[in-house]
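Undergrad: give the three-dimensional model of this entry:
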Amino acid sequence: MDIKKYLNFIKVEHTLFSLPLIYAGVFLASDTFPPVRLLLLVLFAAIFARISAMTANRIIDAEIDRRNPRTKAREIPSGKISYPKAYLILFISLAGYFGTAYLISEFCFYLSPIPIVVFIFYPYMKRFTYFAHFGVGLGLSMGPLGGWFAVKNSFENITPGALLSLFTLFWATSFDIIYSTLDEEFDRANNLKSFPVKFGKKRALFYSVVLHIISYVFLFLLFISQTRNILSFLFLIGVAVLYYFEHKFAEKDVELAFFKLNAVVSFVVFLMVIVRGV
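TA: Prediction:
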């Protein structure tokens, strides 16, 4: 079995975007260090959810990927992975996700279909709305709330978890706009919707800045209400610095702006949360 092929297909490394924020939700909801069993279950739930989301996305977009020069070498369009194998990966990952959610708590299990519905719906959004980027943001914003619910098992006093989730919503929506600039011409030619198609690259990147500023407001509110100390403040400033470089390189190096810097942003926000009691 070509393990590398399957790892490349499911893009586990993209968990770097979401996992630190999911754990930020866990630690934000915890008064003491969370149980190791819970941390491991959250890890497995995050990985299974990520695999489910990526696999569903690859299946739904396979025909579009086949026509796009940038994505035609992906595993399904190129024939490296067949549809039956892709569906098998999807069903196994969904079983792992729901099973892990059940082991965390019945409360989490009952809520667990919601992110899956979002993951399956958002790939279709670019077919009918220019606001499809918000689908990506909504999907990733489920992560911090999931971490919060894994500890609290309740909607009571949810404001801190909601602030972290709203930060994630606008942060992820913003960087998806940057990523979509790679496909502006292809999307326009194939009647697909995105901010770059609607507004052009320059204005789309401007709106990306606006959304990052909105995300920073929610992060600042989280700092003021929950994590206010000098160490957390330094990490809060660190996010602003990373945002600056993300937009500085947004037109020159999308890979750096989209993947590498955002993985660091996610980790810095996690650090901002866990040092709040220091």
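
Undergrad: tell me the mean pLDDT over stretch 248-268?
TA: Averaging pLDDT along stretch 248-268 gives 82.

Undergrad: so who does the spatially most central residue of the chain touch?
TA: Among the residues of the chain, the one closest to the centroid is residue 140, at 3.4 Å (Cα atoms, centre = their mean). Going by Cβ atoms under 8 Å, 6 or more residues apart in numbering, residue 140 touches 17, 18, 21, 168, 169, 172. For the C-beta atoms, the positions are set from N, CA and C on the backbone; glycine is no exception.

Undergrad: quick one: which of the residues you listed is nearest to residue 75?
TA: For the contacts of residue 140, the closest approach to residue 75 (Cβ to Cβ) belongs to residue 17, at 20.4 Å.

Undergrad: can you give me phi and psi for that closest one?
TA: Note on residue 17: its backbone torsions stand at phi -70, psi -40 [degrees, to the nearest 10].

Undergrad: roughly how far apart are it and residue 73?
TA: Distance, residue 17 to residue 73, using Cβ to Cβ, to the nearest Å: 22 Å.

Undergrad: which parts of the helix or strand containing residue 210 are buried?
TA: Taking DSSP states H and E as the definition, residue 210 sits inside helix 201-226. If you call a residue buried by 16 or more other Cβ atoms under 10 Å, then helix 201-226 has these buried ones: 201, 204-205, 207-209, 211-212, 214-216, 218-219, 222-223, 226.

Undergrad: can you tell me which helices and strands it packs against?
TA: Using 3 or more Cβ pairs under 8 Å, 6 or more residues apart in numbering; DSSP states H and E, the elements in contact with helix 201-226 are helix 159-180, helix 195-199, helix 230-248, helix 261-274.

Undergrad: distance from the chain centre to it, please.
TA: Distance, stretch centre to chain centre, for helix 201-226: 16 Å (Cα atoms, centre = their mean, to the nearest Å).

Undergrad: average pLDDT across that helix?
TA: Averaging pLDDT along helix 201-226 gives 96.

Undergrad: next, the angle helix 159-180 makes with that helix.
TA: Between the axes of helix 201-226 and helix 159-180, defined by axes from the mean of the first three to the mean of the last three Cα atoms, to 10 degrees, the angle is 160 degrees.

Undergrad: by how many degrees do helix 201-226 and helix 230-248 diverge?
TA: Put simply, helix 201-226 runs at 170 degrees to helix 230-248, going by the same axes, to 10 degrees.

Undergrad: residue 64 and residue 189 touch, don't they?
TA: No: at 11.6 Å, residue 64 does not count as touching residue 189 under the criterion of Cβ atoms under 8 Å.

Undergrad: returning to that earlier point: can you tell me which of the helices and strands packed on helix 201-226 is most buried?
TA: helix 159-180 (a mean of 24; mean count of other Cβ atoms under 10 Å).

Undergrad: got the angle for that helix vs helix 261-274?
TA: Angle between the axes of helix 159-180 and helix 261-274 is 170 degrees (criterion: the same axes, to 10 degrees).

Undergrad: do me a favour and average the pLDDT over the very next helix or strand once past helix 159-180.
TA: Sequence order places helix 184-189 as the next helix or strand after helix 159-180, per DSSP H and E. Averaged over helix 184-189, pLDDT sits at 96.

Undergrad: show me what helix 184-189 is packed against.
TA: Checking 3+ Cβ pairs under 8 Å, 6+ apart, helix 184-189 ends up next to helix 195-199.

Undergrad: contacts only, for the nearest residue in space to residue 261 that is not next to it in sequence.
TA: Leaving aside its sequence neighbours, residue 261 sits nearest to residue 246 (Cβ to Cβ, 6 or more residues apart in numbering; 4.7 Å). Residues in contact with residue 246 (Cβ under 8 Å, 6+ apart) are 175, 178, 212, 257, 261, 262, 265.

Undergrad: check contacts around the third one.
TA: Contact analysis of residue 212 by Cβ under 8 Å, 6+ apart lists 170, 171, 174, 243, 246, 247.

Undergrad: let me have those in TSV, extended by distance to residue 98.
TA: Shown next, in TSV, are these (distance: Cβ to Cβ, whole Å):
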residue	distance to residue 98
170	29
171	27
174	31
243	36
246	35
247	38
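
Undergrad: one step back: so which of residue 64 and residue 189 has more stuff around it?
TA: Using other Cβ atoms under 10 Å, the more surrounded residue of residue 64 and residue 189 is residue 64, with 19 against 12.
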